[in-house]
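Participant: build me a model:
(one chain, ligands or ions: 1)
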Amino acid sequence: RARVVVLLSGTGSLCAALLEATDDPGYPADVVAVVSDRDAPGLEHARRRGLPTATCRLRDFPDRAAWDRALADVIAAHHPDLVVSAGFMKIVGPAVLERYEGRLVNTHPALLPAFPGAHAVRDALGAGAEVTGSTVHLVDAGVDTGPVLAQREVPVLPGDDEDRLHERIKAVERTLLMETVARLVTGTTEESPR
Ligand code: GAR
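Facilitator: Below is the predicted model:
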């Protein structure tokens, strides 16, 4: 099974879903470590399973480049085949990209290229979008600009606020991420491998 390192900053519901997927003996990947940039509640999902966690805080380093190099080292210590950014709210730098470009995927709560950035759900609501969704894409040096691997739509419903819409998007993201990770590590090209 392929080795996956998850990066997160928040509650980690996507990481939890991926961990649950790995309980299926037929799933082609294992989460081998979870790394955060802060004391994120999501690290608990890993701790509960006895998986290694690490925290790499920007403020503990003299500058962003040093933080980026440390983050790359922390990830590399777990020898991942694939790195999954699941609600990691920092832009990774050149040290991480050099090692993992093409093997680093991000999940984003909008239909990229629409609504990139840290407030995708709020921005979609503010723009009056009728449909938004979830995108899983490869990470490149830009902000949410890398090649799209999979997308799924989520309708905006009357009365939606940011939380409600985000929860519905996350429900879709969990499945899309799990499927896309499986597809990537098995090298299949269809959107639904299982
Ligand atoms: C997800 O919606 C993910 O797409 C988003 O953060 C949420 C994490 O949820 N990521 C971004 O907005 C990245 N720019 P979780 O902490 O419950 O897994």
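Participant: with adjacent residues omitted, what lies nearest to the residue of the chain at minimum distance from the ligand?
Facilitator: Here the chain gets closest to the ligand at one residue, Gly87, 2.6 Å apart by CB to the nearest ligand atom. (Each C-beta comes from the backbone N, C-alpha and C, glycine too.) Among residues not flanking Gly87 along the chain, Gly10 sits closest, at 4.5 Å (CB to CB, 6 or more residues apart in numbering).
Participant: tally of neighbours for the one you found?
Facilitator: 16 (other CB atoms under 10 Å).
Participant: so for stretch 67-77, mean pLDDT?
Facilitator: Mean per-residue pLDDT for stretch 67-77: 98.
Participant: give me the contacts around it.
Facilitator: Applying CB atoms under 8 Å, 6 or more residues apart in numbering, the contact partners of stretch 67-77 are 5, 7, 33, 35, 37, 54, 56-58, 60-61, 83, 92-96, 98-100.
Participant: buried among those? Make that a PyMOL selection.
Facilitator: Selection of the buried residues among the contacts of stretch 67-77 in PyMOL, burial being defined by 16 or more other CB atoms under 10 Å:
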select buried, resi 5+7+33+35+37+54+56+83+92+93+95+96+100
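Participant: the contacts of stretch 67-77 in helices, which ones?
Facilitator: Judged by DSSP state H, the contacts of stretch 67-77 include 94-96, 98-100 as members of helices.
Participant: now those residues as JSON lines including pLDDT and distance to the ligand?
Facilitator: Output for the ones in helices among the contacts of stretch 67-77, formatted as JSON lines (pLDDT from 0 to 100; distance: CB to the nearest ligand atom, whole Å):
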{"residue": "Pro94", "pLDDT": "98", "distance to the ligand": "19"}
{"residue": "Ala95", "pLDDT": "98", "distance to the ligand": "20"}
{"residue": "Val96", "pLDDT": "98", "distance to the ligand": "15"}
{"residue": "Glu98", "pLDDT": "97", "distance to the ligand": "21"}
{"residue": "Arg99", "pLDDT": "97", "distance to the ligand": "20"}
{"residue": "Tyr100", "pLDDT": "96", "distance to the ligand": "17"}
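Participant: of all those residues, which two lie farthest apart?
Facilitator: Spatially, the most separated pair among the ones in helices among the contacts of stretch 67-77 is Pro94 and Tyr100, at 11.0 Å (CB to CB).
Participant: make JSON lines out of the ones in helices among the contacts of stretch 67-77 and add distance to Arg183.
Facilitator: What follows is those, written out as JSON lines (distance: CB to CB, whole Å):
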{"residue": "Pro94", "distance to Arg183": "27"}
{"residue": "Ala95", "distance to Arg183": "27"}
{"residue": "Val96", "distance to Arg183": "22"}
{"residue": "Glu98", "distance to Arg183": "24"}
{"residue": "Arg99", "distance to Arg183": "22"}
{"residue": "Tyr100", "distance to Arg183": "18"}
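Participant: kind regards, and thank you for your time.
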